[in-house]
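Undergrad: no sequence for this one, just the structure:
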C-alpha cells in the first residue's frame, strides 16, 4: 500500500475518480434497499448518487486535460490511511439509522480526502477543483438532518411506522418466540426433576441442560427458517442469535433458584417457591411484550400465556411426583 503523501497528482485524481464512482454505486444500493420501506429517503440517496456522478464527471474532465484518458489502476484500498469500510451495502433490509450513519461517515471521509489532496497539490487547476469538492463535501448538511427536514410530517410518520414494524420483525418476534419457548417449555423438565429428586443441585443441572439445549435448538431453527430476503426479517443469524439467547435466558431464570444449597433447612421448598415467583414474572413479561408489540390485548395475552404455563408446570409436577 502507498502512503498518501507519496501519491502523484495523477494518482490522487485517479483515486478520487474511483472513490466517487464507488460512492455513487453505494448510494444507489442504499436507495434500492430503501425504495419499498422508505421511498422518500430513497429519493434523497438517489440525489446523492447523482451528485457523486457529477463530481466524478468534473474530475474526469480535468484528468483527461492533464494526463490523457488512461487511468492508473489505483483505488482507496491501495492507499494507507483510508478507513476500511464494512460492505454494509451488500446487506439487505438494513435499518434506516444504520444507513444514515454509514453515509455520514462516507461524506466525512470524502471531505477529509479532498482537503488533504488540495493541500498537497501543486497544480493550480487540480488544487482548485479539489478545494471546491472539499467545500462541497463540507457544505453538506448532516445526512440525518437531510433525511428528516426534507420529508413531510405524514411521510415521516409512515416511515416511523415502517421502522417500528421492521424492529418487531427483526428483533421482537424472534426474541419473544425464544423467551416463550424458554420460559414455558423448560418448566416441565425442571419441575419434573425437582419433584422426582427433591434435591436442588440435580434439578439445577437438568434446568441448565434444558435451557441451553432449547436455546441452541431454537437459535438454529430461527436462523434456518428464512434468509430474510423476501420477508424483510433481516439477518437470519442475528435473528437466530436473539432467539437462542432469549430461549436460554427464559429457562435459566427459573433454574437459578435451585442453586440454593441442599444443606439449608427446607432448601428444596425455598428454591421451588423462588422459582415459582420467577415463573410468574416471566409469564407476565411475555404477556406485556405481546401486548406492547404484537397488538394483543393485555388480558388476553396474559390469560393465554399464564394458562399455557400453568398446564406445562402441572405436567412437570405430576410426572415428577409419579
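TA: Nice, I can see it. Bear in mind that the values here come from a model prediction, so they are computed numbers and not experimental data.

Undergrad: any idea how the chain splits into domains?
TA: Residue ranges for the domains of the chain, per automatic domain parsing: 4-151, 166-321.

Undergrad: where does this structure have its least confident helix or strand?
TA: None of the helices or strands of the chain scores lower by mean pLDDT, DSSP states H and E than helix 143-149, at a mean of 56.

Undergrad: on that earlier part again, make TSV from the domains of the chain and add mean neighbour count to it.
TA: Every residue, glycine included, has its C-beta placed from N, CA and C. As requested, the domains of the chain are arranged in TSV below (neighbours: other C-beta atoms under 10 Å):
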stretch	mean neighbour count
domain 4-151	17
domain 166-321	19
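
Undergrad: lowest-confidence stretch among the ones you listed?
TA: Within the domains of the chain, the stretch with the lowest mean pLDDT is domain 4-151, showing a mean of 81.

Undergrad: Beyond the longest helix seen in the chain, next helix or strand please.
TA: Ranked by residue count and defined by DSSP state H, the top helix of the chain is helix 39-67. Heading C-terminal from helix 39-67, the first helix or strand you meet, by DSSP states H and E, is helix 96-120.

Undergrad: thinking again about what came up before, check which helices and strands the longest helix of the chain sits against.
TA: Using 3 or more C-beta pairs under 8 Å, 6 or more residues apart in numbering; DSSP states H and E, the elements in contact with helix 39-67 are helix 9-34, helix 96-120, helix 124-138, helix 143-149, helix 153-167.

Undergrad: Residue most distant from the centroid, this structure?
TA: Note on the chain: the largest separation between a C-alpha and the mean C-alpha position, by C-alpha atoms, centre = their mean, falls on residue 265 (47.9 Å).

Undergrad: residue contacts, that one?
TA: Taking C-beta atoms under 8 Å, 6 or more residues apart in numbering, we find residue 265 in contact with no residue.

Undergrad: Please apply the same query to residue 123.
TA: The neighbourhood of residue 123, defined by C-beta under 8 Å, 6+ apart, consists of 9, 66.

Undergrad: Contact partners for the residue lying closest to residue 313 once chain neighbours are set aside?
TA: Distances taken as C-beta to C-beta, 6 or more residues apart in numbering place residue 187 nearest to residue 313, at 4.8 Å, with adjacent residues excluded. Contacts for residue 187 were tallied using C-beta under 8 Å, 6+ apart; they are 254, 279, 309, 312-313, 316.

Undergrad: Keep only those of these that are in helices.
TA: 279, 309, 312-313, 316.

Undergrad: Let's have the residues you listed in JSON lines, adding distance to residue 225.
TA: Output for those, formatted as JSON lines (distance: C-beta to C-beta, whole Å):
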{"residue": "279", "distance to residue 225": "27"}
{"residue": "309", "distance to residue 225": "24"}
{"residue": "312", "distance to residue 225": "23"}
{"residue": "313", "distance to residue 225": "28"}
{"residue": "316", "distance to residue 225": "28"}
